[in-house]
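# Need a 3D model of the sequence below.
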Amino acid sequence: MTPTSGFPTAAGTAAGGRPHLPLWPHGARCAVVVTIDVDGDLPFLALDPAHRDRLKSRSVGQYGPDHGAGRLLRVLERLGVAASWFIPGAIAQQYPELVRSVVHGGHELACHGMHHLDFDGLDLDGQATEMFDGARALQEVSGAPVRGFRTPSGEWKPGFPEAMAAAGFEWSSSLPGDDRPFPLGDTGVLELPFRYELEDLQYLGFNLDPPFPPGQSRIQSLEAVRDNWDIEFAAARRFGTMLMLRLNAEIMGTPGRARLLEDFLSSTIASGEAWIATCGRLAAHWAGQPVETDHPYRRFVDLAARES
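So this is what the prediction gives:
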């Protein structure tokens, strides 16, 4: 197999001149990671506290921890797939048995803030507090360590990756800046990127009033979603990259959509070409690889510092 094939090779560079991607475990051609956010009604409340009295809208989010998460757990159990679950601290406190079911199912827990607040409205100290409180609540309920983080909403402030590192976090999954892991500067925190085309919210998220997410309307056909996922999986196999599904329990946990996920993962497993891992396992695997010192993220941080 030649380097120009785009698949990982034992030596040399891949097409385009970037350093080759390492061989994935067990000779797999790509890595597949399933991540599930369980936000409940917190995004509605974070958007406007007055939404507390809009019970119809809140029920859209509450479907996730009440019904969707359990259905997704059963799908993953049937397939023998471990996923990474991003759960805000307030949801963990409200649904402790769900959190324990995630842990008992062999899955990974990761921090998703405390109240799923929009980071755009917080300063650095507020963002760090949202992260610290969320991780602490999740650990107290589950008894399991929390090593990963995902931004609830919005952009983090300069210095936040350093705050993650100081708090003992080892990886983040918050930036769509690549199709393979990359270091967040010199912090020692590894970023595991996601792609919007592999997130269910972009296709299927919908609430009528208030319009959430903004930019209605969107209820895409499941066939179109599956076609996009299949195309992305074929590309991941071709180029030896990672494919991360970013799912939401309130969206993907309905009966029909859960069936879509089960069918897609079943075909992925049957291909024999994917290494299916949690975020933590992916980060641990990548930690042994040479650090890419000239990743665009580092150049962006350096440029931002000069412009400030």
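
# Spell out, range by range, the helices that occur in this protein.
Ranges of helices in the chain, per DSSP state H, are 42-47, 55-63, 69-79, 89-94, 96-104, 124-142, 160-166, 201-204, 222-239, 249-252, 255-271, 279-286, 296-307.

# out of the ones you listed, nearest to Gly177?
helix 296-307 (5.9 Å; Cβ to Cβ). Heads up, the C-betas are built off the backbone N, CA and C, glycines and all.

# Quick check: which of the helices of the chain has the most neighbours on average?
helix 249-252 (a mean of 27; mean count of other Cβ atoms under 10 Å).

# contacting residues around that one?
The contact list for helix 249-252, computed with Cβ atoms under 8 Å, 6 or more residues apart in numbering, reads 36-40, 60-65, 68-69, 72, 200-201, 204-205, 257-258, 260-261.

# Got the confidence number for Leu260?
Note on Leu260: pLDDT of 97.

# re earlier: rebuild the helices of the chain as JSON lines, extending it with distance to Ala110.
Output for the helices of the chain, formatted as JSON lines (distance: least, Cβ to Cβ, whole Å):
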{"stretch": "helix 42-47", "distance to Ala110": "16"}
{"stretch": "helix 55-63", "distance to Ala110": "19"}
{"stretch": "helix 69-79", "distance to Ala110": "14"}
{"stretch": "helix 89-94", "distance to Ala110": "11"}
{"stretch": "helix 96-104", "distance to Ala110": "10"}
{"stretch": "helix 124-142", "distance to Ala110": "8"}
{"stretch": "helix 160-166", "distance to Ala110": "12"}
{"stretch": "helix 201-204", "distance to Ala110": "18"}
{"stretch": "helix 222-239", "distance to Ala110": "22"}
{"stretch": "helix 249-252", "distance to Ala110": "14"}
{"stretch": "helix 255-271", "distance to Ala110": "19"}
{"stretch": "helix 279-286", "distance to Ala110": "7"}
{"stretch": "helix 296-307", "distance to Ala110": "20"}
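
# Out of the ones you listed, the one nearest Leu190 is which?
Nearest of the helices of the chain (Cβ to Cβ): helix 279-286, 5.0 Å.

# Roughly how far does Asp257 sit from Arg29?
Actually, residue 257 is Arg rather than Asp. Separation of Arg257 from Arg29 (Cβ to Cβ, to the nearest Å): 27 Å.

# Ignore what I typed, I meant Asp209.
From Asp209 to Arg29 the distance is 45 Å (Cβ to Cβ).

# What of Gly253?
Distance of Gly253 to Arg29, given as Cβ to Cβ: 29 Å.

# Those two: who's more crowded?
Using other Cβ atoms under 10 Å, the more surrounded residue of Gly253 and Arg29 is Gly253, with 26 against 19.

# For the more buried one, give me its contacts.
Residues near Gly253 by Cβ under 8 Å, 6+ apart: 63-64, 67-72.

# and the end-to-end length of stretch 55-72?
Stretch 55-72 has an end-to-end distance of 24 Å (Cα to Cα, to the nearest Å).

# what's next to it, contact-wise?
Residues from elsewhere that reach stretch 55-72, judged by Cβ under 8 Å, 6+ apart: 36, 38-45, 51-52, 83, 91, 94-95, 98, 101-102, 207, 209-210, 212, 247-255, 258, 261.

# returning to what we had before: where among the helices of the chain is average confidence lowest?
Looking at those, the bottom one is helix 296-307 with a mean of 60.

# can you give me phi and psi for Thr278?
Note on Thr278: its backbone torsions stand at phi -80, psi 170 [degrees, to the nearest 10].
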